[in-house]
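Trainee: got a predicted structure here, sequence first:
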Amino acid sequence: QVQLVESGGGLVQAGGSLRLSCAASGLTFSSYTMGWFRQAPGKEREFVTAIIWSGGRTYYADSVKGRFTISRDNAKNTVYLQMNSLKPEDTAVYYCAADYHGSTRYYYTSAYDYWGQGTQVTVSS
């Protein structure tokens, strides 16, 4: 049974930082592209960032480029999202997701095979 478990969310002031983790089990983690998405109240789930199986290539939404960093540790079956210079508009539930096929359409939710339950990030102004 595949499980993706996010952690590290919380309440932070604007300009602060958080580090999210997503621990994976039940899959060959090193074979998957991993992504982070977020969903704010009343909005659709949107792409944040993704990292290919080896960690050798990463992709970012323009809204987070230069502030967020995705990384992975295949030995620990974990993907991370370091979020710096947080803004109130970053407030959302953050989800990690796993894509076995390494789709070039990594920014689409439909490209992903498995999803975590999400972790809340709230940025106060």
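Mentor: Yep, that arrived.

Trainee: only C-alpha atoms for contact and neighbour calcs from this point on.
Mentor: OK.

Trainee: list the buried residues of stretch 67-76.
Mentor: Phe68, Thr69, Ile70, Ser71, Arg72, Asn74 (16 or more other C-alpha atoms under 10 Å).

Trainee: let me fix that, I meant to ask about stretch 109-117.
Mentor: Result for stretch 109-117 [16+ other C-alpha under 10 Å]: buried residues Thr109, Ala111, Tyr112, Tyr114, Trp115, Gly116.

Trainee: can you put those residues in CSV and add distance to Gln3, pLDDT and secondary structure?
Mentor: What follows is the buried residues of stretch 109-117, written out as CSV (distance: C-alpha to C-alpha, whole Å; pLDDT from 0 to 100; DSSP: H, G, I helix; E, B strand; the rest coil):
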residue, distance to Gln3, pLDDT, secondary structure
Thr109, 17, 95, helix
Ala111, 17, 94, helix
Tyr112, 14, 96, coil
Tyr114, 8, 97, strand
Trp115, 8, 98, strand
Gly116, 7, 98, coil
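
Trainee: which one of the residues you listed is nearest to Asn84?
Mentor: Distances from Asn84 to the buried residues of stretch 109-117, taken as C-alpha to C-alpha, are shortest for Gly116 (22.2 Å).

Trainee: okay, now Gln82: neighbour count?
Mentor: As a burial measure, Gln82 scores 14 neighbours (other C-alpha atoms under 10 Å).

Trainee: name the nearest residue to the one residue sitting closest to the centre of the chain, sequence neighbours excluded.
Mentor: For the chain, Trp36 is the residue whose C-alpha lies nearest the centre (C-alpha atoms, centre = their mean; 2.1 Å). The shortest distance from Trp36 to any residue other than its chain neighbours is 4.5 Å, reached at Cys96 (C-alpha to C-alpha, 6 or more residues apart in numbering).

Trainee: with Ala40 instead?
Mentor: Among residues not flanking Ala40 along the chain, Ala92 sits closest, at 4.2 Å (C-alpha to C-alpha, 6+ apart).
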